[in-house]
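Colleague: Predicted model and sequence below, questions to follow.
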Amino acid sequence: MSSNSPRTVAVGDFNQDNQADAVVANYGDGNVIVFFGYGDGSFVSGASYAAGSCLVRVAVGDFNEDNRLDIVPLNYSNGTVSVLLGFGNGNFSSPNNFSVGNYPYTVATGNFNQDGMLDLATANCGGDGVSILLGYGNDQFASQMSITSLNGPYSVVVADFSRDSLLDLVVTTLADSSIIVLLGQGNGSFVKNSIVIPHYYANAISVLVGSGNGTVGRLVSLTSGYTPTIAIVGGVNLDNRIDFAVANYGSSTVGIYLNTCA
Ligand SMILES: [Ca+2]
Ligand SMILES: [Ca+2]
Ligand SMILES: [Ca+2]
Ligand SMILES: [Ca+2]
């Protein structure tokens, strides 16, 4: 697959043939290109869609509840997310843009206010905030709500880390290289729970065991890494609790965070 300055890729079945497809966001061209999968590992390029400028991430979800996947590229330079509605045949609508904070670098999806409709969260590394856009279940979102006093948030991931059935966020920051848990309140708001662990200039692997309720975890084997950038959520140790891993851009390491919530 070829495209110009691709920054990110997301997958989904965009033409509803039960084969996984890919969408690539191109930083240089400010467009997204869909590649249709044959199911054997090969892809054919579909149409490209102009979606803004300096696209750094793209999210996938069904935002207008028509059972067709939509795509949401993130425009780094002009501080917006673009929503392109999928038609279910591999084609997409022209973009609808919604403002978020300055220099958004990561976008994640989830239903944060328990209304059954998909919402968006962006980490805005040019400022101090995470933007929450609550979806209306069509192609529209409410104006952004900001979670502030985060020092250059760079990446955000969504999962229920505190096991209360309410989605939480984990944010990594660029300016002070820390990892912050934001506990979801179930109404679209979040409470800044704790700075889990600051990462400074070191070169090792981090392992942190959660304390049991989404608060500060117990550190069992430190280390740290410099500039944690992307958090990956998953059950690393197979105990049905959500752990997360962080790739430390500056030190080329990966941190694994184990959740021991009861
Ligand atoms: Ca497909
Ligand atoms: Ca849709
Ligand atoms: Ca929602
Ligand atoms: Ca939770």
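Modeller: Looks like it came in fine. Numbering: from 1, shown residues only. Ligands and ions are numbered 1, 2, ... in the order given.
Colleague: can you give me phi and psi for Phe36?
Modeller: Main-chain torsions, Phe36, degrees, to the nearest 10: phi -90, psi 130.
Colleague: How many residues are close by it?
Modeller: Phe36: 18 surrounding residues under other Cβ atoms under 10 Å. Every residue, glycine included, has its C-beta placed from N, CA and C.
Colleague: try Thr173
Modeller: Thr173 sits with 24 neighbouring residues when counted by other Cβ under 10 Å.
Colleague: Please name the bridge partners of Gly184.
Modeller: Phe190 (DSSP bridges).
Colleague: Quick check: it vs ligand 1, distance?
Modeller: 32 Å (Cβ to the ion, to the nearest Å).
Colleague: Give me the neighbour count for that residue.
Modeller: For Gly184, the neighbour count with other Cβ under 10 Å is 28.
Colleague: So it sits against Leu166, correct?
Modeller: Yes. The pair Gly184 and Leu166 qualifies as a contact (Cβ atoms under 8 Å) at a distance of 4.3 Å.
Colleague: list residues touching both of these two?
Modeller: Residues touching both Gly184 and Leu166 (Cβ atoms under 8 Å, 6 or more residues apart in numbering): Asp160.
Colleague: if I pick Gln144, what's in contact with it?
Modeller: 98-101, 131-133.
Colleague: hey, what's the closest residue to it other than its chain neighbours bridged with?
Modeller: Leaving aside its sequence neighbours, Gln144 sits nearest to Ser131 (Cβ to Cβ, 6 or more residues apart in numbering; 4.2 Å). Beta-bridge partners recorded for Ser131 (DSSP bridges): Thr122, Ser146.
Colleague: where does Pro6 land on pLDDT?
Modeller: pLDDT recorded at Pro6 is 71.
Colleague: check contacts around it.
Modeller: Residues counted as contacts of Pro6 (Cβ under 8 Å, 6+ apart) are 24-27.
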